[in-house]
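Student: sequence and predicted structure are below.
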Amino acid sequence: QASAQPAATLRAAALCCRCSCILAKMSFGRPRTSSLAVGSSSSASPASRLPSLALSKTSAGANAGKTASPSSSTSSGVAGVSRIARSSSLSPRNATSHASTSPSSAIPQLSSRDRLSAAASPRVPQQQQQRLQNAGSAASTATPPQPRTASSRPRALSTSSATLRSNRSRATSPAVSPATSPSSTSANAASAAAIAKKRATVPLRVPPPGSRYDYIVRDPESSVYAALGRHLNRRGCWTQVSNNILRFHLMFGDRNRLPFDRLGVLEGVTQTVNYIPKSSLICRKASMTDILRARYSRAALSWYPYTFVIKPKDTSPENVKEMGLFAKHFARFAAQGEKVWIVKSTSGAKGSNMHIADNEAEIQGFINSTSQTQVVQKYVENPLLLPGHRKFDIRTWVMLDSNFNIYMYREGVLRTSSDPYDPTDFKHITSHLTNHCLQEKLSANFGKYEEGNEMFFPEFRRLLAQTFSVDFDTTVLPQIYRIIYECLHAVKPVIFVPPTERGFHAFQLFGFDFMMDTTFKVWLLEINGAPASAARLLQGMTRDIARLVIDPLYPPPRSYVPEKEENLFDLITESAVTAAAVAAAAAAVSSRSRRVSGSLPDIVVTAHAASEGDQQQQVVADVDEAYAADEAAAAAAVAAVAAAADANGNGDDYSSDQSEY
């Protein structure tokens, strides 16, 4: 009788008796595939014009939604610094379709928002019939499926590393039952690797305008990103969600070892984070020094004071060699009458753990009294002084986007000292260190000369022009552009990964600190990876950050009226750096190459002995040497420094910055 029955009936009977669970699994466990609408963005190169400052600038405040291609970084004219509004050359990505690789894949549940916006594709009866036939023929050998659970909510970011690795495995590869053979396990691992490789090559796309976005804040103490979150809330399309939500679009992360390996693993969500992996290599004083010395020659590194990295009570050959180099250069500078050096802890912040001395034995003793690696740096003994015989430093804010485009915020600030500069009293901290927090805490004169001890760039421009006949835009800014560009490109080989390969977008705001000497030479002091902002600039800066690096990836609704103010982030290009350096050298003797001593009320000006031609040749030679170095050898040296930092556990730690201001 059995042989007389139709084959289909026989298979159905066998399935009902033996493995109804398999039928249930295939009928109801298989999720629907869904696809999300894909938007597009137009690209256009911004127009350019040449102002009188010899810097190529583009005003694009009204060109919302346009993007600047990396290839457009080389501009015509003397310099190529472009004014941009809502421009970015970030590679956009939209949510990709949800799909399972096998009936047993554990795909994260779609949220109600995704279900409303997704267009569900119809089931295919022929595919189900084929699966029924295959299951019927293999029913006698099939093992009962293992029970599995599916949460309707995204998993938490605060779970352990092992749990997250398990989550990632379930989201990208078929589940493996305990009875799976080793060969099947190898096949599944290979399949997961293939999927990961394929996802890394899929272009990231921009969601259509009108989409809804979620962001999380893991660092509520950051004034910049707290203000940026409030700005996004006013857009109407952004919602702040709980920190333990895994399914989000934008993370304002904390500075302590961000979970970069957990980002970009969810299908259908384009994720962005406000820190770039490994960028702390240039935010920690020791690793920044090692990278700059590995990348550039001493002549090309003329904008960074002589600096040595010394470990306390360390007799290793490397540390002994470094101490010997410091002793050699201490004697050389002392012979020229410059004996003052400053010691900084590599993990110090806000002016803490610093020591100033003019005695080599005292410096060595201080280093050995500490427990952390110290940076010993030549002190700039001829600082340019403000009225009241006071020191200052210059804070600028720099944005680095996912495609390694570098932007500097046009408005900067001078952080000024409250007390007169006293080169003979190294214990008078507020006379030497201009950190805002130190001045406010330790000086009774805080706010006496400037409100909040802050002088902004427009006032500083007037001061330089009226007192010294110096043009800030052609003398100071070109030096700042060059230092910023060369610092970030020094670490580019180890921090830059295209977004399509990384799987998520990453941008970062840096705080670069400089000072000027009496020859109007700009020196780099340090780089902060989590900078705070001057209160006066906070609103405009957060608005421009959103337009620069967030709106191109997550377009606001069409009903949103963009801000009319010009975006103050200026693009820094290689052509701008080189041409600006040459232009600065060309006018060095005529209006700027002078040495100033004393405070502003009594100025003593002496001309340099070097000729204009000699100075131009020196600047051009420095620039050429910086770019003509062996790129492969320099990249290998920088990679070695990065590997050593990773081995010491300092690869992605911003805890030393503490929102420095």
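Tutor: Structure received.

Student: got any ranges where the protein has weak pLDDT?
Tutor: For the chain, the stretches with pLDDT under 70 are 1-204, 347-352, 579-631, 648-661.

Student: can you give me the helices in the stretch 351-500 of the chain?
Tutor: Here the stretch 351-500 of the chain has its helices, by DSSP state H, counting those that start in this stretch, at 360-368, 429-432, 436-442, 457-468, 472-475, 477-495, 499-502.

Student: now the ones you listed in a markdown table, with mean neighbour count and distance to residue 300?
Tutor: Quick note: C-beta positions are derived from backbone N, CA and C, even for glycine. As requested, those are exported to a markdown table (neighbours: other C-beta atoms under 10 Å; distance: least, C-beta to C-beta, whole Å):
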| stretch | mean neighbour count | distance to residue 300 |
| --- | --- | --- |
| helix 360-368 | 16 | 27 |
| helix 429-432 | 22 | 28 |
| helix 436-442 | 18 | 31 |
| helix 457-468 | 15 | 27 |
| helix 472-475 | 19 | 20 |
| helix 477-495 | 22 | 8 |
| helix 499-502 | 16 | 30 |
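
Student: in CSV, list those along with distance to residue 331.
Tutor: Rendered in CSV, the data for the helices of the stretch 351-500 of the chain read as follows (distance: least, C-beta to C-beta, whole Å):
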stretch, distance to residue 331
helix 360-368, 8
helix 429-432, 23
helix 436-442, 31
helix 457-468, 34
helix 472-475, 33
helix 477-495, 28
helix 499-502, 47
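
Student: which among those helices is found nearest to residue 292?
Tutor: In terms of C-beta to C-beta, the element of these nearest to residue 292 is helix 477-495, at 5.8 Å.

Student: just confirm residue 304 contacts residue 523, I think it does.
Tutor: Yes: the pair formed by residue 304 and residue 523 meets the contact definition of C-beta atoms under 8 Å, at 7.2 Å.

Student: what's the distance between residue 206 and residue 229?
Tutor: If you measure residue 206 against residue 229 using C-beta to C-beta, to the nearest Å, the figure is 21 Å.

Student: looking at those two, which is more packed in?
Tutor: Each of residue 206 and residue 229 has its neighbours counted (other C-beta atoms under 10 Å); residue 206 has more, 23 against 19.

Student: you'd agree that one is in a strand?
Tutor: No: the secondary structure assignment for residue 206 gives coil rather than a strand, going by DSSP: H, G, I helix; E, B strand; the rest coil.

Student: one step back: which one of the helices of the stretch 351-500 of the chain lies closest to residue 416?
Tutor: With distances scored as C-beta to C-beta, the stretch of the helices of the stretch 351-500 of the chain nearest to residue 416 is helix 436-442 (7.8 Å).

Student: other SSEs contacting the closest one?
Tutor: strand 413-416, helix 429-432 (3 or more C-beta pairs under 8 Å, 6 or more residues apart in numbering; DSSP states H and E).

Student: change it to 7 Å
Tutor: Here helix 436-442 is seen to pack against helix 429-432 when contacts are counted using 3 or more C-beta pairs under 7 Å, 6 or more residues apart in numbering; DSSP states H and E.

Student: so which elements touch the helix it packs on?
Tutor: Using 3+ C-beta pairs under 7 Å, 6+ apart as the contact definition, the elements that helix 429-432 packs against are helix 436-442.

Student: CA atoms of the helix it packs on as CSV?
Tutor: Listed next in CSV are the C-alpha coordinates belonging to helix 436-442 (Å, rounded to 0.1, in the frame of the first residue of the first chain):
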residue,chain,number,x,y,z
HIS,A,436,42.7,77.7,31.6
CYS,A,437,41.9,75.5,34.5
LEU,A,438,45.2,76.3,36.3
GLN,A,439,44.8,80.0,35.8
GLU,A,440,41.3,80.0,37.2
LYS,A,441,42.2,77.9,40.2
LEU,A,442,45.6,79.4,41.2
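
Student: so that it lines up with my notes, have the first residue be 87 from now on.
Tutor: Yep, numbering from 87; the last one is helix 522-528 now.

Student: for the closest residue to residue 310 other than its chain neighbours, give its distance to residue 355.
Tutor: With C-beta to C-beta, 6 or more residues apart in numbering as the criterion, residue 310 has its nearest non-adjacent residue at 5.3 Å, and that residue is residue 619. Counting by C-beta to C-beta, the separation of residue 619 from residue 355 is 29 Å.

Student: same question, residue 345
Tutor: Spatial separation of residue 345 from residue 355 under the definition C-beta to C-beta is 15 Å.

Student: of these two, which one has the most company?
Tutor: Regarding residue 345 and residue 355, a neighbour count based on other C-beta under 10 Å identifies residue 355 as having more, with 24 against 17.

Student: report the separation between that one and residue 631.
Tutor: Remark: distance between residue 355 and residue 631 (C-beta to C-beta) = 21 Å.

Student: what ranges do the helices span in the stretch 237-386 of the chain?
Tutor: For the stretch 237-386 of the chain, the helices defined by DSSP H, counting those that start in this stretch occupy 247-258, 268-287, 309-319, 371-381.

Student: correct me if wrong: the residue nearest to residue 310 contacts residue 625.
Tutor: No: under the criterion of C-beta atoms under 7 Å, residue 619 is not in contact with residue 625, lying 9.3 Å apart.

Student: which one's more surrounded, these two?
Tutor: For residue 619 versus residue 625, the count of surrounding residues by other C-beta under 10 Å is larger for residue 619: 23 against 13.

Student: using the three-state scheme, assign the more buried one.
Tutor: At residue 619, secondary structure determined by three-state DSSP is coil.

Student: and it, how far is that from residue 458?
Tutor: Applying C-beta to C-beta, one obtains 29 Å for the distance of residue 619 from residue 458.
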